[in-house]
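J.: pasting the structure only:
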């Protein structure tokens, strides 16, 4: 077994244990491998170990990797900040976008998604800790944002994404995720069943509070190179 395969097995084992601890169904949480700043060779190793979902934050870097790895059946997720002038290429080249942080971006992605492609899976980014340095919808804006984005026919609104303020205490890690999960459930829209939250440092808390996608980079690929 390769080192990459061992790392993926370890992370997936941690996810399965967190599911069990939280009373969640087995395999109700999937691993998104955050491959930003990592070379295509690292993605191939992870792919050969069974990983299929990869997350990128930097558009030009991602497009180069996609071209190099076009022979692989990879599901590409865009998870980084989105500038208006990048939406056309994001709409054309990704299966998922987790970081829709304003209605303007959703509308541009909708307009620029080609008719021959399936609707683009999107999550609304929520600034759950109300941090001035982070973009995203506020909790009290969520219902209106869901209503507006749900009407965009070239998008498929799947749920929400959040990156709370870092915390080391388990209960503190749980609080923002619990708040966001309950806010979505309160909307009573069963189709909103994707909760993209949790990374290496708070994976257990995120899964306990309803995460369905955890985004892991460093534990899988090593320290970032940027």
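T.: Sure, I can see it. Everything numeric in this text was worked out from a predicted model, so none of it was measured.
J.: Look at residue 6 and say how many residues are nearby.
T.: By other C-beta atoms under 10 Å, 11 other residues sit near residue 6. (C-beta placed from N, C-alpha, C; glycine too.)
J.: Next one: it from residue 43, what distance?
T.: For residue 6, the distance to residue 43 equals 17 Å [C-beta to C-beta, to the nearest Å].
J.: ok, and the helix or strand in this protein with the lowest average confidence?
T.: helix 218-221 (a mean of 92; mean pLDDT, DSSP states H and E).
J.: Which elements pack onto that helix?
T.: helix 3-21, strand 30-34, helix 40-48 (3 or more C-beta pairs under 8 Å, 6 or more residues apart in numbering; DSSP states H and E).
J.: so of those, which one's packed in deepest?
T.: Comparing those by mean neighbour count (mean count of other C-beta atoms under 10 Å), strand 30-34 ranks first with a mean of 23.
J.: Residues in contact with it: which ones?
T.: Outside of strand 30-34, the residues within contact range by C-beta atoms under 8 Å, 6 or more residues apart in numbering are 8, 11-12, 15, 43, 46, 51, 53-55, 57, 77, 79, 196, 199, 212-217, 220-221.
J.: Stretch 182-195: which residues count as buried?
T.: Buried residues in stretch 182-195, defined by neighbour count with 16 or more other C-beta atoms under 10 Å: 183-184, 192, 194-195.
J.: Next step: those residues restricted to helices.
T.: In helices, defined here by DSSP state H, the members of those are 183-184.
J.: Quick one: the helices and strands packed on helix 218-221 as a markdown table, columns for distance to residue 140 and mean pLDDT too.
T.: Output for the helices and strands packed on helix 218-221, formatted as a markdown table (distance: least, C-beta to C-beta, whole Å; pLDDT from 0 to 100):
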| stretch | distance to residue 140 | mean pLDDT |
| --- | --- | --- |
| helix 3-21 | 30 | 96 |
| strand 30-34 | 28 | 98 |
| helix 40-48 | 39 | 96 |
